[in-house]
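# Quick one, what's the 3D model for this:
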Amino acid sequence: MPRKGEPVDLLPGADKIGPELLLGLDRSSSRPLHEQLETALRDYVRSGRLAPHAKVPSSRALATSLGVSRGVVLEAYSQLIAEGYLVSRQGAPTRVGSTPSIERPPVPAGTLEPEYSHGFDPGVPDLAAFPREQWARSLRAALRGAPFAALGHGDPRGTPELRNELMSYLGRVRGAAPEPEHTLVSAGAMQGFAALCRVLRQRGIERIGVEQPGWNRHRVIAEGAERARRVASCTAFGTSPACCGLAASSRARTVAEAFASSFR
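Sure, this is the predicted structure:
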(Lines give C-alpha, C1' and ligand atoms only; values in the text may rest on other atoms or scores of the structure.)
Protein backbone atom coordinates (compact mmCIF):
# COMPACT_ATOMS: atom_id res chain seq x y z
CA MET A 1 0.00 0.00 0.00
CA PRO A 2 1.59 3.32 -0.99
CA ARG A 3 2.21 5.90 1.74
CA LYS A 4 0.63 9.34 1.76
CA GLY A 5 1.65 11.43 -1.23
CA GLU A 6 4.01 8.73 -2.52
CA PRO A 7 4.28 8.47 -6.33
CA VAL A 8 3.04 5.13 -7.59
CA ASP A 9 4.47 3.21 -10.53
CA LEU A 10 1.51 1.96 -12.53
CA LEU A 11 1.67 -1.78 -12.99
CA PRO A 12 5.18 -2.33 -11.59
CA GLY A 13 4.88 -6.10 -12.03
CA ALA A 14 5.07 -8.25 -15.14
CA ASP A 15 1.34 -7.93 -15.91
CA LYS A 16 1.71 -4.68 -17.83
CA ILE A 17 -0.59 -3.73 -20.67
CA GLY A 18 0.06 -0.01 -20.60
CA PRO A 19 2.81 2.55 -20.00
CA GLU A 20 4.51 3.09 -16.68
CA LEU A 21 3.37 6.30 -15.03
CA LEU A 22 4.10 7.93 -11.71
CA LEU A 23 0.98 9.08 -9.90
CA GLY A 24 0.68 10.62 -6.48
CA LEU A 25 -2.58 10.10 -4.58
CA ASP A 26 -2.79 12.02 -1.32
CA ARG A 27 -5.17 10.12 0.95
CA SER A 28 -5.09 12.91 3.54
CA SER A 29 -6.41 15.46 1.04
CA SER A 30 -10.02 16.60 1.05
CA ARG A 31 -10.17 16.04 -2.72
CA PRO A 32 -11.72 12.70 -3.68
CA LEU A 33 -9.28 10.10 -5.00
CA HIS A 34 -11.02 9.85 -8.36
CA GLU A 35 -10.56 13.59 -8.91
CA GLN A 36 -6.88 13.35 -8.06
CA LEU A 37 -6.55 10.51 -10.54
CA GLU A 38 -8.45 12.46 -13.21
CA THR A 39 -6.16 15.45 -12.78
CA ALA A 40 -2.99 13.38 -12.92
CA LEU A 41 -4.01 11.50 -16.07
CA ARG A 42 -5.35 14.65 -17.71
CA ASP A 43 -2.01 16.38 -17.10
CA TYR A 44 -0.17 13.43 -18.68
CA VAL A 45 -2.28 13.73 -21.82
CA ARG A 46 -2.14 17.52 -22.03
CA SER A 47 1.65 17.55 -21.56
CA GLY A 48 2.21 14.91 -24.23
CA ARG A 49 3.71 12.38 -21.83
CA LEU A 50 0.82 10.11 -22.85
CA ALA A 51 0.77 10.25 -26.64
CA PRO A 52 -2.46 10.05 -28.66
CA HIS A 53 -3.75 6.48 -29.08
CA ALA A 54 -1.41 5.14 -26.38
CA LYS A 55 -2.80 2.34 -24.23
CA VAL A 56 -3.54 2.98 -20.55
CA PRO A 57 -3.79 0.31 -17.87
CA SER A 58 -7.05 -1.52 -17.38
CA SER A 59 -9.22 -0.26 -14.55
CA ARG A 60 -8.70 -3.46 -12.54
CA ALA A 61 -4.92 -3.45 -12.95
CA LEU A 62 -4.63 0.26 -12.16
CA ALA A 63 -6.84 -0.07 -9.06
CA THR A 64 -4.68 -2.93 -7.79
CA SER A 65 -1.49 -0.96 -8.40
CA LEU A 66 -2.77 2.16 -6.64
CA GLY A 67 -4.39 0.27 -3.79
CA VAL A 68 -7.83 1.76 -4.41
CA SER A 69 -11.19 0.32 -5.34
CA ARG A 70 -11.94 -0.29 -8.98
CA GLY A 71 -14.84 2.15 -8.74
CA VAL A 72 -12.37 5.02 -8.17
CA VAL A 73 -10.59 4.23 -11.43
CA LEU A 74 -13.82 3.66 -13.35
CA GLU A 75 -15.18 7.03 -12.24
CA ALA A 76 -11.96 8.79 -13.27
CA TYR A 77 -11.90 6.99 -16.62
CA SER A 78 -15.55 7.82 -17.27
CA GLN A 79 -14.97 11.52 -16.75
CA LEU A 80 -11.86 11.55 -18.98
CA ILE A 81 -13.78 9.63 -21.68
CA ALA A 82 -16.55 12.21 -21.53
CA GLU A 83 -13.97 14.98 -21.96
CA GLY A 84 -12.37 13.21 -24.92
CA TYR A 85 -9.03 12.54 -23.25
CA LEU A 86 -9.61 8.77 -23.28
CA VAL A 87 -11.41 6.48 -25.72
CA SER A 88 -13.00 3.18 -24.74
CA ARG A 89 -14.45 0.52 -27.03
CA GLN A 90 -16.04 -2.83 -26.24
CA GLY A 91 -13.43 -5.58 -26.21
CA ALA A 92 -10.51 -3.19 -26.74
CA PRO A 93 -8.14 -1.59 -24.24
CA THR A 94 -8.73 1.98 -23.15
CA ARG A 95 -6.55 4.40 -25.09
CA VAL A 96 -5.66 8.06 -25.13
CA GLY A 97 -7.87 10.07 -27.47
CA SER A 98 -6.69 12.09 -30.42
CA THR A 99 -6.83 15.36 -28.47
CA PRO A 100 -3.58 17.20 -29.21
CA SER A 101 -1.41 18.10 -26.27
CA ILE A 102 -1.13 21.71 -25.20
CA GLU A 103 2.59 21.48 -24.51
CA ARG A 104 5.11 20.41 -27.11
CA PRO A 105 5.35 16.62 -26.96
CA PRO A 106 8.77 15.08 -26.42
CA VAL A 107 10.81 14.72 -29.59
CA PRO A 108 11.09 10.99 -30.37
CA ALA A 109 14.53 9.47 -30.59
CA GLY A 110 16.09 9.32 -34.03
CA THR A 111 19.21 7.74 -35.45
CA LEU A 112 22.45 9.16 -36.77
CA GLU A 113 22.95 6.10 -38.93
CA PRO A 114 22.08 6.70 -42.60
CA GLU A 115 19.66 4.27 -44.20
CA TYR A 116 20.40 2.73 -47.58
CA SER A 117 18.44 0.34 -49.74
CA HIS A 118 21.54 -1.87 -50.02
CA GLY A 119 24.15 -2.18 -47.31
CA PHE A 120 27.79 -2.26 -48.36
CA ASP A 121 29.27 -1.24 -45.01
CA PRO A 122 32.63 -3.02 -44.74
CA GLY A 123 32.30 -3.30 -40.98
CA VAL A 124 28.93 -5.07 -40.94
CA PRO A 125 28.44 -8.72 -41.89
CA ASP A 126 25.35 -10.14 -43.58
CA LEU A 127 22.90 -9.69 -40.72
CA ALA A 128 20.29 -11.80 -42.50
CA ALA A 129 22.60 -14.79 -42.04
CA PHE A 130 22.58 -14.49 -38.23
CA PRO A 131 21.55 -17.87 -36.73
CA ARG A 132 18.60 -16.64 -34.68
CA GLU A 133 17.20 -20.03 -33.73
CA GLN A 134 20.55 -21.54 -32.74
CA TRP A 135 21.42 -18.41 -30.78
CA ALA A 136 18.09 -18.45 -28.93
CA ARG A 137 18.48 -22.15 -28.04
CA SER A 138 22.02 -21.62 -26.76
CA LEU A 139 20.94 -18.57 -24.77
CA ARG A 140 18.07 -20.45 -23.12
CA ALA A 141 20.34 -23.37 -22.26
CA ALA A 142 22.98 -21.07 -20.76
CA LEU A 143 20.40 -19.17 -18.69
CA ARG A 144 18.88 -22.36 -17.31
CA GLY A 145 22.22 -23.55 -15.96
CA ALA A 146 23.80 -20.23 -15.00
CA PRO A 147 24.09 -19.33 -11.30
CA PHE A 148 22.47 -16.08 -10.19
CA ALA A 149 25.92 -14.57 -9.61
CA ALA A 150 26.56 -14.84 -13.35
CA LEU A 151 23.76 -12.33 -13.99
CA GLY A 152 25.69 -9.56 -12.22
CA HIS A 153 28.51 -7.38 -13.50
CA GLY A 154 31.21 -10.01 -13.10
CA ASP A 155 34.79 -9.69 -14.28
CA PRO A 156 35.12 -6.57 -16.48
CA ARG A 157 37.45 -8.51 -18.77
CA GLY A 158 34.74 -11.09 -19.47
CA THR A 159 33.74 -14.20 -17.56
CA PRO A 160 36.58 -16.70 -17.14
CA GLU A 161 34.51 -19.44 -18.81
CA LEU A 162 34.01 -17.31 -21.91
CA ARG A 163 37.66 -16.28 -22.14
CA ASN A 164 38.84 -19.87 -21.74
CA GLU A 165 36.45 -21.07 -24.43
CA LEU A 166 37.43 -18.28 -26.82
CA MET A 167 41.11 -18.98 -26.42
CA SER A 168 40.50 -22.68 -26.97
CA TYR A 169 38.67 -21.82 -30.20
CA LEU A 170 41.43 -19.48 -31.40
CA GLY A 171 43.98 -22.18 -30.74
CA ARG A 172 42.06 -24.76 -32.78
CA VAL A 173 40.88 -22.54 -35.67
CA ARG A 174 43.47 -19.75 -35.89
CA GLY A 175 46.54 -21.59 -34.71
CA ALA A 176 47.07 -18.94 -32.04
CA ALA A 177 48.46 -19.55 -28.58
CA PRO A 178 46.96 -16.74 -26.48
CA GLU A 179 46.74 -16.75 -22.70
CA PRO A 180 43.17 -16.54 -21.37
CA GLU A 181 44.32 -14.59 -18.29
CA HIS A 182 45.64 -11.82 -20.56
CA THR A 183 42.55 -11.70 -22.76
CA LEU A 184 39.90 -8.98 -22.80
CA VAL A 185 36.40 -9.53 -24.21
CA SER A 186 34.84 -6.37 -25.65
CA ALA A 187 31.24 -5.60 -26.63
CA GLY A 188 32.34 -5.13 -30.24
CA ALA A 189 35.24 -4.41 -32.55
CA MET A 190 35.01 -0.64 -32.03
CA GLN A 191 35.10 -0.90 -28.24
CA GLY A 192 38.07 -3.23 -28.55
CA PHE A 193 39.82 -0.81 -30.90
CA ALA A 194 39.20 2.12 -28.53
CA ALA A 195 40.68 0.12 -25.63
CA LEU A 196 43.66 -0.79 -27.81
CA CYS A 197 44.22 2.89 -28.65
CA ARG A 198 44.38 3.76 -24.96
CA VAL A 199 46.85 0.96 -24.27
CA LEU A 200 49.11 2.09 -27.11
CA ARG A 201 48.97 5.63 -25.76
CA GLN A 202 50.07 4.42 -22.35
CA ARG A 203 52.98 2.58 -23.97
CA GLY A 204 54.23 5.77 -25.59
CA ILE A 205 52.90 5.31 -29.13
CA GLU A 206 52.32 8.85 -30.34
CA ARG A 207 51.30 8.36 -33.97
CA ILE A 208 48.94 6.07 -35.81
CA GLY A 209 48.30 5.41 -39.49
CA VAL A 210 44.77 4.91 -40.79
CA GLU A 211 44.14 3.28 -44.18
CA GLN A 212 42.76 5.60 -46.86
CA PRO A 213 40.44 4.72 -48.42
CA GLY A 214 39.18 2.94 -45.37
CA TRP A 215 36.65 3.04 -42.59
CA ASN A 216 36.37 6.57 -41.20
CA ARG A 217 35.35 5.30 -37.76
CA HIS A 218 38.93 4.16 -37.15
CA ARG A 219 40.10 7.75 -37.44
CA VAL A 220 37.22 9.08 -35.33
CA ILE A 221 37.87 6.58 -32.53
CA ALA A 222 41.63 7.14 -32.60
CA GLU A 223 41.19 10.89 -32.35
CA GLY A 224 38.35 10.74 -29.81
CA ALA A 225 40.17 8.37 -27.49
CA GLU A 226 43.01 10.89 -27.08
CA ARG A 227 45.18 8.15 -28.38
CA ALA A 228 47.45 9.89 -30.84
CA ARG A 229 48.93 13.31 -31.26
CA ARG A 230 48.95 12.65 -34.97
CA VAL A 231 46.62 10.47 -37.06
CA ALA A 232 47.83 10.10 -40.66
CA SER A 233 46.15 8.55 -43.69
CA CYS A 234 47.79 5.69 -45.54
CA THR A 235 47.08 5.85 -49.27
CA ALA A 236 48.96 2.64 -50.05
CA PHE A 237 48.09 -0.88 -48.98
CA GLY A 238 50.24 -2.52 -46.35
CA THR A 239 51.03 -2.35 -42.68
CA SER A 240 54.37 -0.57 -42.78
CA PRO A 241 54.59 2.92 -41.22
CA ALA A 242 56.38 4.00 -44.38
CA CYS A 243 53.08 3.78 -46.29
CA CYS A 244 51.85 6.90 -44.56
CA GLY A 245 55.10 8.79 -44.45
CA LEU A 246 55.85 8.02 -40.82
CA ALA A 247 59.38 6.99 -40.01
CA ALA A 248 59.80 3.79 -38.06
CA SER A 249 61.83 5.64 -35.50
CA SER A 250 58.82 7.82 -34.65
CA ARG A 251 57.19 4.93 -32.75
CA ALA A 252 54.22 4.88 -35.13
CA ARG A 253 51.67 2.15 -35.70
CA THR A 254 49.06 1.60 -38.38
CA VAL A 255 45.61 0.32 -37.54
CA ALA A 256 46.43 -2.97 -39.24
CA GLU A 257 49.59 -3.40 -37.15
CA ALA A 258 47.70 -2.55 -33.97
CA PHE A 259 45.04 -5.16 -34.64
CA ALA A 260 47.60 -7.75 -35.67
CA SER A 261 49.67 -7.25 -32.53
CA SER A 262 46.60 -7.69 -30.35
CA PHE A 263 46.30 -11.34 -31.47
CA ARG A 264 49.95 -12.30 -31.02
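# Please tell me the pLDDT value assigned to the most far-flung residue of the chain relative to its centre.
Using Cα atoms, centre = their mean, the residue of the chain lying farthest from its centre is Ser30. It sits 43.8 Å away. With respect to pLDDT, Ser30 scores 91.
# measure it to Gln36 for me?
11 Å (Cβ to Cβ, to the nearest Å). The C-beta positions use only the backbone N, C-alpha and C, and glycine is treated the same way.
# Same question for Pro108.
30 Å.
# With Asp43 instead?
Distance from Asp43 to Gln36, by Cβ to Cβ: 11 Å.
# Which of these two has more residues huddled nearby?
More neighbours surround Gln36 than the other of Asp43 and Gln36, with 19 against 14 (other Cβ atoms under 10 Å).
# hmm, back to that, the residue farthest from the centre of the chain is in what secondary structure piece?
Assigned by DSSP states H and E, Ser30 falls within no helix or strand.
# for Thr39, same thing?
Here Thr39 is assigned to helix 33-47, by DSSP H and E.
# how about low-confidence regions in this structure?
1-21, 100-106, 122, 225-264 (pLDDT under 70).
# in the stretch 51-200 of the chain, which spans are helices?
59-66, 70-83, 132-145, 160-173, 189-202 (DSSP state H, counting those that start in this stretch).
# what comes up buried for the second one?
Looking back up the chat, that one is helix 70-83. 72-73, 75-77, 79-80 (16 or more other Cβ atoms under 10 Å).
# So which elements touch that helix?
Here helix 70-83 touches helix 33-47, helix 59-66, strand 86-87, going by 3 or more Cβ pairs under 8 Å, 6 or more residues apart in numbering; DSSP states H and E.
# outside of that helix, which residues touch it?
With contact meaning Cβ atoms under 8 Å, 6 or more residues apart in numbering, helix 70-83 is reached by 33-35, 37-38, 41-42, 45, 59-60, 62-63, 66, 86-88, 94.
# Tell me who's in contact with the nearest residue to Arg70 once chain neighbours are set aside.
Nearest residue to Arg70, sequence neighbours excluded (Cβ to Cβ, 6 or more residues apart in numbering): Ala63, at 4.3 Å. With contacts defined as Cβ under 8 Å, 6+ apart, Ala63 is in contact with 69-70, 72-73.
# Repeat that for Ala141.
For Ala141, counting by Cβ under 8 Å, 6+ apart, there are no contacting residues.
# now it: how far from Phe130?
For Ala141 relative to Phe130 (Cβ to Cβ), the value is 18 Å.
# the domain parsing of the protein - what is it?
7-96, 189-262 (automatic domain parsing).
# What's the local residue count around Ala136?
If we define neighbours as other Cβ under 10 Å, then Ala136 has 10 of them.
# same thing with Gly91?
Count around Gly91 with other Cβ under 10 Å applied: 4.
# right, so of the helices and strands packed on helix 70-83, which gets closest to Val173?
helix 59-66 (51.9 Å; Cβ to Cβ).
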